[in-house]
Structure formats: C-alpha cells, structure tokens
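Participant: Using only what follows, build the 3D model:
(chains A, B and C)
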Amino acid sequence: MARQLPHKDVVIVGLGWTGSILAQELTDAGLEVIALERGPWRDTATDFSPAYVQDELRYRIRHDLFLRPDQMTFTFRNKPHDTALPIRTWGAFMPGNGVGGAGLHWNAETWRFLPSDFVLHTHLTQRYGARFLPADMTIQDWGITYADLEPHYDRFEYLCGTCGTAGNLGGKIQSGGNPFEGPRSRPYPNPAQEQPFGPTLWAKAATELGYHPFPQPSGNLSRAYVNPLGVRLGPCTYCGFCEWFGCANYSKASPQTTILPVLMRKANFTARPESEVTRINTDASGRRATGVTFVDNQGVEWEQPADLVVLAAFTIFNVQLLLLSHIGTPYDPVANRGVIGRNFTHQTISDCTAFFDKSKFIFNPFIASGAIGMCIDEFNGDNFDHGPHGFVGGGYMGHIQTNGRPIETTPVPQGTPRWGAQWKQAVRDSYLSAIKPGTGVHGSMYSYRDVYVDLDPVYKDRFGRPLARITMDFHDNELKQNAFLTDKFAEIFHAMGAQRVDKEPRKAPYDITKYQTTHLCGGAIMGNDPHTSALNRYLQSWDVPNLFVMGATAFPQNAGYNPTDTVGALAYWAADAIRNRYLKSPGPLVHA
Amino acid sequence: MPKLSALCALGALLAFAASGCAPQLPGAGASAAGSAQDFGKIERGRYLAAVADCAGCHADPGGSGALSGGRPIPTPFGMVLAPNITTDRATGIGAWSDAQFDTAVRLGRTPDGKWLYPAMPFPYYSRMSAADVAAIHAYLNTLPAVRHSVRADQLPFPYDIRFGMRLWDALYFKPGPLPPDPRKSAQWNRGAYLVRGPAHCAACHTPKTHLGGDRPQQPLQGYALDGWFAPDIAGGDQLGLGHWSTADIVAYLQTGHNRFAAASGPMGEEVANSTSQLAPADLQAIAVFLKDEPDQALLARPLDPHEPVMQTGAAIYAQMCSACHRSNGTGVAYLFPDLADSSSVAAANPATILRVLIHGVQSVGTAREPTAPSMPAFGRELTDAQIAAVATYLRNSWGHGAAAVSAAEVRDARRSASGSS
Amino acid sequence: MRRRDLLTGTAVVLVSSTLAPAQALTGALPWHPDAGTPPQPVEPGAWKFFTAAEAAAVEAAVDRIIPPDPQTPGGKDAGCAVFIDRQLADGYGQDRGLYDSGPFQKGSKQQGPQSQSPPAARYRAALAALDRYCHSADGGGRPFAELALQRQDEVLKGLEAGTVELAGVDGKAFFEQLLKDTQQGFFADPIYGGNRDMCAWKMIGFPGARYDYRDWVGRHNERYPHPPVSIAGAPGWKPA
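Facilitator: Numbers count the residues shown, from 1 in each chain, chains lettered A, B, ... in the order given. Down below sits the predicted model:
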C-alpha cells in the first residue's frame, strides 16, 4: 500500500528545465510545490570540479551523468512489422538523469523556431499545394504562433543570458545576425562569444558564397552576467568539455546556474530527488488527476496528492507515463486514431570532415564550447524555394567547434585503414588541421504515420512495467533534404581551401547505435483539435484539465533547430496561462 | 592557542574568593516609561537583536528559528552550549526582570550569580546603552516560550569553574559604554558604537591572549578560531580593508558578496542572520569606522617566483584554479573571489585558505545575492605538499607576502578543520 | 496497469538498498564539505583481470593496432592493455548500468548490441578461442604473441573481415570491441592506465585536462605551445 504524503498544490514530475521553470513560476504565485526527480541531486559545487571534470572517458564515453539503461530504457524497431528489441546501451540519443535534466550537460545551442514552423501545415500547403507533401506525412500546425511565443522566448533567453547577435529587431533586419529569424523585441542579453579560427574562416567562405553567416546563439556565456532572478553566471573559458559534461565554472546556462539558487531558498518548494514517478493517478472518472505515485530509492512506494500535476520529464517518459496512467487515447497507427504516441520525431543530422594543409592551418579544435561557431540559415525551414527539390524542411548548418577531445574527435580521411601505422600517422597529421564540426548540418524531421511511440508487449522495466517502444525510420523526404544540405555544407569547406572534404550524409535505415542529438520530440502534441493532439495550445491535457505536459513532447513535428529555446519558451507560456487564467478558474482553458 | 598555559593561568584563580551582591550598570532595568505595548521599542529591539546576532548562537540548531538554545559554541577551552533565551520560565529567561537581563547582557552575571563565559560576548554588549538593551529585552518578551532545557556547562575541568571568570573579568572586562569621540563625525561614532558594541566584531576578528581576552593593541587585526582565520578588518591597505570602498563593505555586509569577496562559513551565517538585516545607514557607518581603524603593516617579503615551491604552486594554480580565479587572481566580481585582493589570502595565518582548499566552501546565499557560488574540495585530489605549494603561491603573488606553508601544516589542517561550515 | 499490479515484491528487490535514503530538499541549496567524486587513478602493477597468457596476447594485439614508431610508443608501451585490463575488472567489464533483461534475440545491426554476455566474459571467451586458433596449423602453431608481426596483422585483418573464424565466438565483434577499447585507452586520460606519459596527447597536440583557453581564442592559426596535463597533474607539480 503506498504511503500518503501531505497534500501539495502542485506536483511536478521531473526537475529539469521545464520543471524548474514551472516550479519557480508557481511558487512565485504562492503555491506549495513539490518536484519529484528520478535521478540524484546535482550541482556545480558538489559534482563538477575543475580538478576532474575534464574526463572524456568517464563523461563522454561511459556516460556518467546520463540515465542508466538498467534504470529505464526503450525498445526500438524501424518498421511496424519488425520486432522491437531493447536499447541495451545508449547510442542514437542519450537521456539525462538527475536534477537539471539534460539542461545540465547540453551544448547550450539556443535557437528560436521560425514563424512558419508554428503554422507548418498551413504554410506548406499554401505555398506548394497539399500534393507536394508525402501522403503519410502528418505535420500539423501548433495552435500558437511565433508572435504568441516571442515574449517567452525573450524570457528564457534573458534567464539564460543567451549570447548572440540579433538578426531581426522588431522587423528590421540587422547585419551580422540571422536575417531569416522571426522578429525579436530586443537584442540578446549578451554579445556573441569570441570565435576561434576555424569558424571565422568558415564564415568568411560562407560570405564569399553569398550566404549570411552569424554566430550561433549560445548559452555558454561570453561574459559575467546576472539574470532577472538575481542569479550570476561567469564567463565561459572555452574548455572544450561542454556537451556531455557538467560545467565547473558556472558559465553554462542550466537550471543549476539560472534558477535553482533562488528556487531552493523558498519555503514553499521541496525537491525530492531519487524519486521515480511510476504513475499519474486519476479519480474514478479518469478526468481529474489526484496526484502521482512514486518509488523512492529504498524501493518504498509513496503517493503525492496534489491539485495540479505538471508532467515535466523527458519527452518519451512523458508519453510513457501518459500511456501507463491511461490518460488520453493511445495512438493506433493502423486505424490512424488516438493521440498518445503519435507524431514522434527526432532530428536529421549529418556532418562533413574537411582536411587542410597542415603546414598552413592550425585550428586548435580543443579551444571549444558547446555552442561556439558560425552558422547559416539559408537552407532551414521554408527559407528557400523547395519547389525544384522535391522535399520539404531543412536545417541550419555551421561550423560549431564543440570539442577536440581525442577519443571522439581524431578524424582521418575516408579510406584510411582503421588501425595500424597508417591510421596512427593519419591521426597525427590531421588532428590540428582537420575540421570535424561538433554540430554540422542540423535538419528537421517531420512527422509520419508510421513513426510513433507505444508500449512494448514483451520487455519490462525494473518495476515490471512495459518499456516504451519506438518505431522509427527515415523517410525519403528527410534523406533528400539531408543529401541536399550536406552537399551545400561541403561546398563551404571547399571554398575555405580544404584539400579534401569527406561528406557523411545521413543514410537509412535509422540506426539506434549512432548518436544524432537527443532531440526526441512529439508523442503528446499540442494543437487545436483533440482528435489530433493530446494537449491544447496551453499544454493542458484535453482529457485531464488539471494536468499540463511540458517539453518537446508537444512539438507536432521537429524543426531544423535545437529544441531547448522553444521548450523553455513554451514552459513560460504555459506557466503564464496557469498563473493568470487556470488558477483563477480551474478547468479547461480551451473548449474545442 | 596552547591550552597548557591557559590551564596554569586559570589554575591560579581557584583560590579566589567570591564576593558581594549582584552588580548593576547605571540605567539598568529602568524600563523606559512606555508600556509593554510600545511597538517602537519592540521594533528597535528586534533590529538590535539582529545587530547583536542573538540568533547566531541562541537559535535552535534544528532550524525552527526559535531562540531555544542548545547549539554548541566552540571556544579555545572547549564547547559551551548556548542557553535557551525564550520566555519559558522554567528552561528559558521568562522569569528575568529587565534589570536582570541587563546585568546578564552588559555585566556577564546571571540572576543566580553565575559568571558568564565570554563566549557570550558581554564585554562588547556592555558598551550598549541601557535603553538599547531594554529594547532587546522587550522584543525577546514578545517571542513564544519554548520549553527546552540546556545544560550549558560543557567545558572540561578546570574551565568549568566559573569562578575563574573573576580574574578574567578583572583583566579584560571594562564594563559600560565607551564615550563618543568628539573629534570624529556622528557617522563614525555610530559605526564605532555598533562595531565595538552590539555587532561585537572583535569577538572573532581581534587577536586574543592565551586567556581569550582581546589584545588591546591590535583591534580587529585577525584571529584564528574554529578552523578558520577571521581576517584583519581594520583599515590597512595590504592586510585589511584598505582596498575596499565603503560601498564595497556595505555590499558585503548586506548581501554577503562584493566585487572582491564572498562571505562563507561563520561569516556567511553572520551575514544571513545579522548584517543583511541592517539599515544601509548603519552599514555605512560601520564601513566608515572600519576603514579608519589603524592597522598593522605587511612585513614579510614575497618569495621569489622562481623558487621551486612557487613554480609548483603556479603550475597547479594554472591548471586547477585559473579557470575561475583567472591567471592574475582577480576572479569574477560577485562570483569568484579576488585572490589578489584578499585579506584571507594575505593573512599570516593560512587557516582559512587551507580549509577552503581542502574541504571546499559554499558562500552565503542571501535574498539579494542568491547564487551562493561554491568552491569545490581539492583535498582528495591534491597531496599535502601540493596544497602547501598552492597556498604558498597564493600568499606570495600579486603583492602578498607571507611565510611558505608546509606540508605538515596542511596535514594538521586536514585534521583540525572537520570541514563543517 | 492497475496500481496494485505495481506492488510486486520485485519493486523492493530491484532497487538497490545500499543507497542512503534520499532527502527531501528545501530552504537552501544543499552543500556539504568534501563533496564530489574524484576518479581513482589506476595503480600500476599486476594484472587485475587478464591471466598472464591473455595479457601477452592482448599486449601483442594492441601493439599492432597502434604500432610503435620513432616518435610515439605503440599500444603496448602506451599501456593500452593495462587500460583494457582495468576496465574489464571494473563496471565496464560487467556491463554495469546496461539493460540486461531478456529475452535475448539477435536483431538488425541498427537495433544495437543484444549480447547476453558482458565484455569481461566476451574477452575471456574470445581470447581463449583466439589462442586455440593460433595454436592450430592454420593459425601458425604458436600463441598469438609469438607469431611474426606480419602474421599477427594477418590474423587481426582476418578477424576484422570475418575471414578468420573463431570457434564459438563472434570474431568480428570481438575485433571491433578490441579496436575500440585499444583506441580509447590510447587517448583517455593516463589515470586510466593507457596514454602513458600522455604520449598520445603529445602525438597530436592535445593539451589535455586544461580548462581555460580565454587567452587563446583570438590567437588564430597559432600553435598552442604548452605541454599536456592530466587530471592527475603534470610533471611540473612535483615540489622540490
């Protein structure tokens, strides 16, 4: 029998970015809030020392900060007729674990989506006609516009101290920024970081080719900063141990460095790490959440009653919890009915490796940070005419110099033997004069009928509950998109003066062993129609009005950008709706 | 602080005879003509209780906020437990009159004739006015009674014989307020009153004799206690607060942080409980006074940077420390302390920097400065010799000059400082 | 699934009870002195996992995967076999943290490894099978480490291509694992046993465990002059 804890106004499942934002907002509104986090407490002071955080083997290769598959994993198959097998060790994506979530060890690439991304279905059908889209593509409009979200993007960026050069201020295009971005109400809170040699040369070549390069918006701080909560961050030191690692000197935006110092001081907030929520409880009608059940690290089961439940775990865990809690109708891909699990997406990633004359070029790849580099956006979204190309979508591309860590980043030309004296010599020759961007081509993945999440019929987690099952493969649209973008990317390296450029375009089938960002999106998407979405435009469950579901779970499809800025903005947008509308009159905020 | 000599000194007191009735200071117990409902007086008392930091010792260690005592207070002679000063009549001070309260606070004598140890900083509180002490009493009388019996006597023999306090008082205790200095401004005098009186800064920051009394020639020039070295806070350039403007001092006391430094450990608590509650005008007065205090000069010459220990320290510093504190030691304002301008680094006594290097430290988070940036512990990654080298390097760089730190000192520091903040 | 169904006895059994009970946190940022989990550097000395014979084979193999040359040691002198030995003796060898519930079935390549056998067991079985192969007439009639270097290369290439088959063992998969572990050991921090004296880092010009390049971001196309440092320090750390 689960033991009952004292009632709280709000229970938040997961204490990553969205959990922290919602906790901060709702405690400010005077509510008693508890956040339950599966993983441990983590903080700069206690976990990330400059004495030993520079350990590639421990953090990048052995994944020390990440979820252990034996605690929770998924099963995977490419096609619905395949048998799904467990992901026994992470590869294609890497879920975080612990307070801060993936916000602790992300790159801090901080992008807004395009205005057209939010009305994608309407936009593309208007421009190209419905028949231009593949028949099984299930993209949808979000139910909100970029203009709705703009003030909340601004809020998240000022929380983080995001560094960049604005490209569009109030409708006026600014030189040096992204000319394609949606209008901003004000500049970035901090200037862009100083660029190393490689990205500087890359940007010069891109300019010569007629593009408009700009610094990638970055949550690695270019200078000391105090955010609107009064929390201070320090300047990034380009250590090159950024993504996959915790930051040892308070210079990467994370819940730890932007929110938790204020949140943890509040008497009306409690955090319970090492507490795994196993189900959202509902009353007999199934239309009202009464709280959650969780298991602590002694194996004891507890019930946390609350008036409002905020699901703020990682995308696919949100979906799994909704399925296990019987909230919403599970998606049936054959009947094409149901919403929980549909419109699940990842990202379409590729890269090039460029080799330069080692007597003329010294790139020092180890002078790096997770988001430093120069990008172009000419081939993202619908920023270019897709008519001649036969695909939709796109992505940014850039030379993002994230690391020169030698286990991961010792490139050799394609065709070099994989071991032996020639391999060794090629590594020696190439390390300082080759470029392998940490992020290269970062393309969209749109949604399809046969790419979804449901519960596995065979494999179980350590509590005996079904694992979530991912059915995912690439479609021709994304493969064409990526081939096109990768070719364009390679051209820029040639224009830089590379002696050799090896292209590595993304190929089918989707491979669970090759890392391609952790940007899993969708599965309980937002929209205006409860038949095709799980959440309304405020991220409120259509089925259970006192349940809000945060995160990229809400994305009807994924755009050609990293998701976190949009995830943060949606969290502020939802918090605003909860504070100013829901709390005054609890109940459905949208009547469909 | 060698205990043996103190033992001998106190041993000589055992024959001292008790005398006389309970003494009083002028004005004691003369409650101002206002009634118990004088809210102005109670509010003034609340404020002064924050200045005097009663909570710093008397607050319940369990965190309830009640002044119900029980916290162990380390002294050079052993532990004393802070008594219960809530209004409980049986276990607190609820039965005390105003006069009795005044005698305890300003003379160090309890109603049953016990002589208080100077862990209770009555020598400093003695300088407060009768009216101020009465106001504090009025405030304390508004707080709820908490039944909590505290056995205050925890010191080992012979320090548990309170009789010994007689000689101590004779040597070190001059009761009563200090006269204002007519040559100085009203602001300076207000600062003097606060620092020398209720804020009792000297209790931690003034070097002490073997018997635990203030060294009168070196006010506020630093003192080692509880595994820390409370730094020199007089007005000297090289060892004190000389480089800090009054605005820097005010910011530090108000928020725990300024451009140069971060309050942590016992001072972090002090800021959280006490100085962060003070009016800006009072903080300004304190700052003006401190910067005017005469100070010692730096006598030691810095070690040559080419000395092997300096080179080792520099190498370790470059790899382990400079990513926060910068290669020139200046850190990041309000985030990573400025080592080049740090009286803790400059001090002859390395206790604070050794403790911080070995165990790490969390700086205080206050409402205005919530970040509470922390330094990680290096005690497991670095050997005694390596920590000694870094400490030596810090103390002899950027204008500082102090004796080299030995590996043996680091070894001792590991043992003596348990690391609890 | 009903709430009752969760309450199987396995819920308690499956969660480790060696953890200290987690605390509910409120009121302040948690902190304690001496926090953190610094790594334990590998101790040189006796093999912790490999037998002497296994170690000899692995040392020979890593020295072909990364052969010595006049500028930089090979895999053996760089300590790659030591690295693999210590890793196999530790959690890596036991697949600690990986999902190891059944049923086990082979899937497509893109579904990832589905082996029931952790690396320690796989190395043991593969090295035994390799030894049997090398002792056979096809193999060369002697242990791997005693074969001529060219013959060792042929065996390894054969494993890689699948043309050399080891009885009862997936030779190709073993070679991939050995290749990965060797190269990782070569480039990892020396505290893990390989990359002795930071020889691999010196070979490529990687400055190691440094954490501040602010003074160097703007120095474009300039060689970084400082030698590498390890988490365990650098030669300059020995006080006189």
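Participant: tell me the mean pLDDT for the top strand by length along chain A?
Facilitator: Looking across chain A with DSSP state E, the single longest strand is strand A:301-311. For strand A:301-311, mean pLDDT is 98.
Participant: What's the first helix or strand after that strand?
Facilitator: Moving toward the C-terminus from strand A:301-311, the next helix or strand (DSSP states H and E) is helix A:315-324.
Participant: Quick check: residue A:173 vs chain B, distance?
Facilitator: 35 Å (C-beta to the nearest C-beta, to the nearest Å). Backbone N, C-alpha and C define where each C-beta goes, glycine included.
Participant: That residue contacts residue A:167, correct?
Facilitator: Yes. Counting by C-beta atoms under 8 Å, residue A:173 does reach residue A:167; the two are 6.5 Å apart.
Participant: Give me the common contacts of these two.
Facilitator: residue A:179 (C-beta atoms under 8 Å, 6 or more residues apart in numbering or on different chains).
Participant: Which one of the two is surrounded by more residues?
Facilitator: Using other C-beta atoms under 10 Å in any protein chain shown as the criterion, residue A:173 and residue A:167 rank with residue A:167 on top: 22 against 15.
Participant: and the residue nearest to the more buried one when sequence neighbours are not counted, what pLDDT?
Facilitator: Distance criterion C-beta to C-beta, 6 or more residues apart in numbering or on different chains; nearest residue to residue A:167, sequence neighbours excluded, is residue A:177 at 2.8 Å. Looking at residue A:177, its pLDDT reads 98.
Participant: quick one, what contacts residue A:177?
Facilitator: A:164, A:165, A:166, A:167, A:168, A:214.
Participant: ok, now residue B:281?
Facilitator: By C-beta under 8 Å, 6+ apart, residue B:281 has no neighbours at all.
Participant: Just say helix, strand or coil for it.
Facilitator: Secondary structure, DSSP: H, G, I helix; E, B strand; the rest coil: residue B:281 is helix.
Participant: That one and chain C: what is the separation?
Facilitator: Taken as C-beta to the nearest C-beta, the span from residue B:281 to chain C is 29 Å.
Participant: quick one: that residue from residue B:287, how far?
Facilitator: 11 Å (C-beta to C-beta, to the nearest Å).
Participant: Now list whatever residues contact both of those two.
Facilitator: Joint contacts of residue B:281 and residue B:287 (C-beta under 8 Å, 6+ apart) do not exist.
Participant: Show me the shaky parts of chain B.
Facilitator: B:1-23, B:29-37, B:152-161, B:163, B:417-421 (pLDDT under 70).
Participant: Point out the residues in chain C that sit beside chain B.
Facilitator: C:27-29, C:31, C:33-36, C:38, C:209-212, C:215, C:229, C:231, C:233-234, C:236-240 (C-beta under 8 Å from any C-beta of the partner chain).
Participant: Using PyMOL, define a selection of the buried residues within those residues.
Facilitator: Buried residues within the residues of chain C next to chain B, by 16 or more other C-beta atoms under 10 Å in any protein chain shown, are selected in PyMOL with:
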select buried, chain C and resi 29+31+33+35+36+38+209+210+211+212+229+231+233+234+236+237+239
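Participant: Which ones among the residues of chain C next to chain B also lie next to chain A?
Facilitator: Answer for the residues of chain C next to chain B near chain A (C-beta under 8 Å from any C-beta): C:27, C:28, C:29, C:31, C:35, C:36, C:38, C:209, C:210, C:211, C:212, C:231.
Participant: And these, which two are furthest apart?
Facilitator: Spanning the widest gap among those are C:27 and C:210, at 37.5 Å by C-beta to C-beta.
Participant: Around chain B, which positions in the stretch 1-150 of chain A sit nearby?
Facilitator: So the stretch 1-150 of chain A meets chain B at A:44, A:45, A:46, A:48, A:49, A:50, A:51, A:52 (C-beta under 8 Å from any C-beta).
Participant: coming back round to it: adding pLDDT and secondary structure, write the contacts of residue A:177 out as JSON lines.
Facilitator: Putting those into JSON lines (pLDDT from 0 to 100; DSSP: H, G, I helix; E, B strand; the rest coil) gives the following:
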{"residue": "A:164", "pLDDT": "98", "secondary structure": "coil"}
{"residue": "A:165", "pLDDT": "98", "secondary structure": "coil"}
{"residue": "A:166", "pLDDT": "98", "secondary structure": "coil"}
{"residue": "A:167", "pLDDT": "98", "secondary structure": "coil"}
{"residue": "A:168", "pLDDT": "98", "secondary structure": "strand"}
{"residue": "A:214", "pLDDT": "98", "secondary structure": "strand"}
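Participant: ok, of those, which one's closest to residue B:323?
Facilitator: Distances from residue B:323 to the contacts of residue A:177, taken by C-beta to C-beta, are shortest for residue A:164, at 23.3 Å.
Participant: Could you give the number of residues near that closest one?
Facilitator: 28.
Participant: Equivalent analysis for residue B:414, please.
Facilitator: 17.
Participant: how about the closest residue to it other than its chain neighbours, secondary structure?
Facilitator: Nearest residue to residue B:414 in three dimensions, chain neighbours excluded: residue B:358, at 5.6 Å (C-beta to C-beta, 6+ apart). Secondary structure assignment for residue B:358 (three-state DSSP): helix.
Participant: Residue B:358 and residue B:415 touch, don't they?
Facilitator: No. Counting by C-beta under 8 Å, residue B:358 does not reach residue B:415; the two are 10.2 Å apart.
Participant: Tell me which of the two has more neighbours.
Facilitator: residue B:358 (23 against 8).
Participant: So the residue nearest to residue A:167, which state does it fall into?
Facilitator: coil.
Participant: same deal with the one 3 residues further on?
Facilitator: Three-state secondary structure (criterion: three-state DSSP) places residue A:180 in coil.
Participant: Please give the number of neighbouring residues around it.
Facilitator: 23.
Participant: ok, it - contacts?
Facilitator: Counting by C-beta under 8 Å, 6+ apart, residue A:180 has contacts A:114, A:167, A:377, A:378, A:380, A:381, A:383.
Participant: Distance from the chain centre to stretch A:360-370, please.
Facilitator: 25 Å (C-alpha atoms, centre = their mean, to the nearest Å).
Participant: got the CA coordinates for it in PDB?
Facilitator: Presented in PDB, the C-alpha positions along stretch A:360-370 are these (Å, rounded to 0.1, in the frame of the first residue of the first chain):
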ATOM      1  CA  LYS A 360      49.200  26.300 -43.300                       C
ATOM      2  CA  PHE A 361      46.300  25.700 -40.900                       C
ATOM      3  CA  ILE A 362      46.300  25.200 -37.200                       C
ATOM      4  CA  PHE A 363      42.700  25.000 -35.900                       C
ATOM      5  CA  ASN A 364      43.300  24.100 -32.200                       C
ATOM      6  CA  PRO A 365      40.000  22.200 -32.100                       C
ATOM      7  CA  PHE A 366      40.300  21.900 -28.300                       C
ATOM      8  CA  ILE A 367      39.500  25.600 -27.800                       C
ATOM      9  CA  ALA A 368      35.900  25.000 -27.900                       C
ATOM     10  CA  SER A 369      32.500  25.200 -26.200                       C
ATOM     11  CA  GLY A 370      29.200  23.500 -26.800                       C
END
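Participant: Spell out which residues of chain B are next to chain C.
Facilitator: Counting by C-beta under 8 Å from any C-beta, chain B sits next to chain C at B:63, B:308-309, B:311-312, B:315-316, B:319, B:322-323, B:327, B:359-362, B:365, B:372, B:374, B:376-377, B:379-381, B:385-386, B:388-389, B:418-421.
Participant: Name the helix or strand of chain C that has the lowest mean pLDDT.
Facilitator: Here the helix or strand of chain C ranked lowest by mean pLDDT, DSSP states H and E is helix C:10-14, holding a mean of 32.
Participant: Downstream of it, the next helix or strand is which one?
Facilitator: Following helix C:10-14 toward the C-terminus (DSSP H and E): helix C:52-65.
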